[in-house]
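J.: Got a sequence here, can you model it:
(one chain, ligands or ions: 3)
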Amino acid sequence: MELRPSRAPADSEGRAAAYSRRARLISEPENVVPACEIVAVEETEIDKKQCDSGKWQKMSKPHAFTVHYIKRARNHRWRCSEITFWCIDEQLCNQWIQALKELLDSQKSRPKRLLVYINPYGGKRQGKRIYEQKVAPLFNLASISADVVITEHANHAKDNLFEVNIYKYDGIVCVGGDGMFSEVMHGLIGRIQKDSGIDQNNPKTPLAQCSIRIGIIPAGSTDCICYATVGIIDPETSALHIIVGDCQPLDVSSIHHNNTFLKYSVSLLGYGFYGDILKDSEKKRWMGPMRYDFSGFKTFLSHQYYEGTVSFQPAKGTVGSPRDKESCRTGCHICRQTKQLEEQQKNYGLEHKEVEDEWKVIKGKFLAINAVNMSCACPRSPKGLSPAAHLADGSADLILVRKCSRFNFLRYLVRHTNQDDQFDFPFVDVYRVKRFQFTSKHLEDNESDIKDVGKKRFGQFCSDHPACCCNLANSTWNCDGETLDSSAVEVRVHCQLVKLFARGIEIYKDEAAYNLSSNELLS
Ligand SMILES: CCCCCCCCCCCCC/C=C/[C@@H](O)[C@H](COP(=O)(O)O)NC(=O)CCCCC
Ligand SMILES: Nc1ncnc2c1ncn2[C@@H]1O[C@H](COP(=O)(O)OP(=O)(O)O)[C@@H](O)[C@H]1O
Ligand SMILES: [Ca+2]
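T.: Numbers count the residues shown, from 1 in each chain. Ligands and ions are numbered 1, 2, ... in the order given. Down below sits the predicted model:
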């Protein structure tokens, strides 16, 4: 349903009554506001000055209502704009307000009640201010009530999600970076599994899907999950996506070691280069987001490589490939088709077919092992680590960067920032996978040493044994911005396990154009 001037109420003389200083804006055919992009409708008080000006002078006191709606600006930015409709008939004006409010109420995907966690120390420490100044006023306008928790320590949000009645909320919002999102996601997924009686430690158990959506208000250092699902890091845009009740399913990888659950990941799970950057940067939190540039440069100079074995099951049920030229966008047909395929398999009882699927094994020396469930686009790299990765296709792109010269590694990194293909190097391999495992050489060696002497407690053995040098040659995993110390992992992608208040990156007919109305979007 659309609000057009031609459908606006007429006054007693039968004239269209949609007058305002900006009424001409909506008289253009391209300026149509779909009902799903209306933020709020409210009665407007008309002051004497407005009344005395122009054509209303000769008529009785007019009545008015204001429609707040989404206006698209450059680079996927959304703004809340408004237009005021005037009418001399009070009853007609009220009818319009009533009808529009009912229309908004009928949109069941819009959240009414949210639980908000703010990390006051994320990014440039602006989370609280961003929420209070940019987000809360929009939530109030849209009549969304929010229970706000300002976190006092790491894991506060996660622990809290196991205690509160999450089911009375339509969504959980995190204000912070990828690390904060990860914390909230762990709380939510963990809680749902607990309530469903599912043991997260069993890597083979299918997990219960989370229907409560997560909203991200970006206020962190990288904010790649927000950037890769919305197209911009802008708190107001993200708040508007929450208000209109967008829904974007996301694949989640579970990470286990020896039948013990370690973590979940939605963006980057990286060993080597990105793990080392994260570990080093954690000691420099005081530097704010700049810490990544400093640690990035230092890690690049250290040029450390790691030996190990990667084994993986190629994703057969997916439609795309990591070398595709097309990226995942709003309403992505690849994500949709893959989900349909998965459901068909389920109906035929084939969901456990993966057990028989072949494993590919690669041993080597790696500068980086990156598994990404999404492009991982961010301002540092607008196309991301894997530009054709999909948000919701049930697979991850596994990028193996083998040992190469520093110069070649720099060429590889630079290609993340330009149009050249970062996979077009002989030392880079990329695979679309559903499951993979990694074991560092040290662990393999220790395992065989231990087997030789008939011991099985290798984890303890490594850290207690000064001669094995595990700490020197092992990297750390960077799991959505959280460190994970395990040199052996088993990773499995869970198709569309969680949902975000987002819609993926929208495609504009003319990407360079701005000031777009909704009908300039490609469907
Ligand atoms: C010569 C110039 C080369 C530049 C290469 C740039 C490549 C950048 C790719 C960045 C991928 C980022 C993937 C996302 C990681 C985040 O989850 C993580 C935590 O984010 P947050 O919690 O918001 O702080 N961020 C990082 O690990 C930082 C990586 C920085 C790499 C320079
Ligand atoms: N009040 C707090 N004090 C300290 N750490 C916190 C607090 N709240 C959340 N955290 C932790 O801070 C980490 C980083 O948060 P994040 O918002 O991602 O910021 P950044 O993007 O700067 O890393 C997360 O792992 C989260 O668990
Ligand atoms: Ca994916």
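J.: And the residue nearest the centre of the chain?
T.: Ile225 (3.6 Å; CA atoms, centre = their mean).
J.: Return the residues in contact with that one.
T.: The contact partners of Ile225, taken as CB atoms under 8 Å, 6 or more residues apart in numbering, are 178, 181, 216, 266-267, 374, 480. (Each C-beta comes from the backbone N, C-alpha and C, glycine too.)
J.: so of those, which ones are in strands?
T.: Ile216 (DSSP state E).
J.: between the contacts of Ile225, which is nearest ligand 2?
T.: Asp178 (5.4 Å; CB to the nearest ligand atom).
J.: if you skip the residues just before and after it, what's nearest to that closest one?
T.: Using CB to CB, 6 or more residues apart in numbering and skipping the chain neighbours, the partner closest in space to Asp178 is Gly481 (4.1 Å).
J.: and if you look at Gln193?
T.: In space, Gln193 is closest to Gln200, 5.3 Å off (CB to CB, 6+ apart).
J.: which residues sit in contact with that neighbour?
T.: So Gln200 contacts 190, 193, 207, 254, 261 (CB under 8 Å, 6+ apart).
J.: Can you flag which of the residues you listed belong to helices?
T.: 190, 193 (DSSP state H).
J.: Which members of the contacts of Gln200 additionally contact ligand 2?
T.: On the criterion CB under 6 Å from any ligand atom, none of the entries of these sits beside ligand 2.
J.: and the two most separated of the contacts of Gln200?
T.: Gly190 and Ser254 (11.3 Å; CB to CB).
J.: More neighbours: these two, which one.
T.: Ser254 (22 against 18; other CB atoms under 10 Å).
J.: Okay, and the beta partners of that one?
T.: Tyr264, Arg492 (DSSP bridges).
J.: what about it, distance to Thr260?
T.: 11 Å (CB to CB, to the nearest Å).
J.: for Arg291, same thing?
T.: Taking CB to CB, one finds Arg291 at 30 Å from Thr260.
J.: More neighbours: which of those two?
T.: Between Arg291 and Thr260, counted using other CB under 10 Å, the more crowded position is Arg291 (19 against 13).
J.: Look at the more buried one and tell me its secondary structure.
T.: Recorded secondary structure, Arg291: helix (DSSP: H, G, I helix; E, B strand; the rest coil).
J.: coming back round to it: list only buried entries from the contacts of Ile225.
T.: 178, 181, 216, 266-267, 374, 480 (16 or more other CB atoms under 10 Å).
J.: ok and the residue in the stretch 401-523 of the chain nearest ligand 1?
T.: For the stretch 401-523 of the chain, CB to the nearest ligand atom, closest residue to ligand 1: Gly481, 2.5 Å.
J.: Which single residue of the stretch 51-200 of the chain approaches ligand 2 most closely?
T.: Gly177 (2.2 Å).
J.: out of everything not next to it in sequence, what's closest to Tyr365?
T.: Small correction: residue 365 is Lys, not Tyr. Per CB to CB, 6+ apart, closest to Lys365 is Lys403, 4.1 Å.
J.: what about the nearest residue to Lys499 once chain neighbours are set aside, neighbour count?
T.: Excluding the flanking residues, the one nearest Lys499 by CB to CB, 6+ apart is Arg213, at 4.6 Å. Neighbour count for Arg213, taken as other CB under 10 Å: 25.
J.: List the contacts of stretch 97-109.
T.: Counting by CB under 8 Å, 6+ apart, 1, 3, 35-36, 38, 40-43, 65, 67, 110, 245-247 sit against stretch 97-109.
J.: Which ones among these also lie next to ligand 1?
T.: Of these, not one also sits near ligand 1 (CB under 6 Å from any ligand atom).
J.: Out of the residues you listed, which is nearest to ligand 3?
T.: Ranked by distance to ligand 3 (CB to the ion), those are led by Cys247 at 16.4 Å.
J.: for that closest one, what are its contacts?
T.: 109, 213, 499-503.
J.: Ok, Met180 next?
T.: Per CB under 8 Å, 6+ apart, neighbours of Met180: 117, 119, 122, 157, 174, 220.
J.: and the next element down the chain from the helix or strand of the chain with the lowest mean pLDDT?
T.: Least confident element among the helices and strands of the chain, by mean pLDDT, DSSP states H and E: helix 23-27 (a mean of 35). In the C-terminal direction, the helix or strand that comes right after helix 23-27 (DSSP states H and E) is strand 33-34.
J.: If you count neighbours, what's buried in stretch 405-412?
T.: 408-409, 412.
J.: which residues touch it?
T.: Contacts with stretch 405-412, where a contact means CB under 8 Å, 6+ apart, come from 300, 303, 367, 401, 404, 422, 425, 427-428.
J.: go with 6 Å
T.: Identification of contacts with stretch 405-412 by CB atoms under 6 Å, 6 or more residues apart in numbering yields 303, 367, 422, 425.
J.: Dump the residues you listed to CSV, plus neighbour count and pLDDT.
T.: Formatted as CSV, the contacts of stretch 405-412 follow (neighbours: other CB atoms under 10 Å; pLDDT from 0 to 100):
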residue, neighbour count, pLDDT
His303, 13, 97
Leu367, 25, 98
Gln422, 23, 98
Phe425, 16, 98
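J.: doesn't Gly245 fall inside a strand?
T.: No - assigned with three-state DSSP, Gly245 falls outside any strand and is coil.
J.: could we number from 50 for the rest of this?
T.: That works, and once the first residue is 50, the last one we named lands at Gly294.
J.: How about the contacts made by it?
T.: Residues near Gly294 by CB under 6 Å, 6+ apart: 158-159.
J.: again, but for Val359
T.: 411, 487.
J.: May I ask which helix or strand encompasses it?
T.: With DSSP H and E as criterion, Val359 is part of strand 355-363.
J.: Secondary structure of the residue nearest to Gln242: a strand, I assume?
T.: No - counting by three-state DSSP, one finds Gln249 to be coil, located in no strand.
J.: okay, it: pLDDT?
T.: Per-residue pLDDT puts Gln249 at 97.
J.: Same check on the one 3 residues further on?
T.: Pro252 is assigned 95 on the pLDDT scale.
J.: Good, wrapping up.
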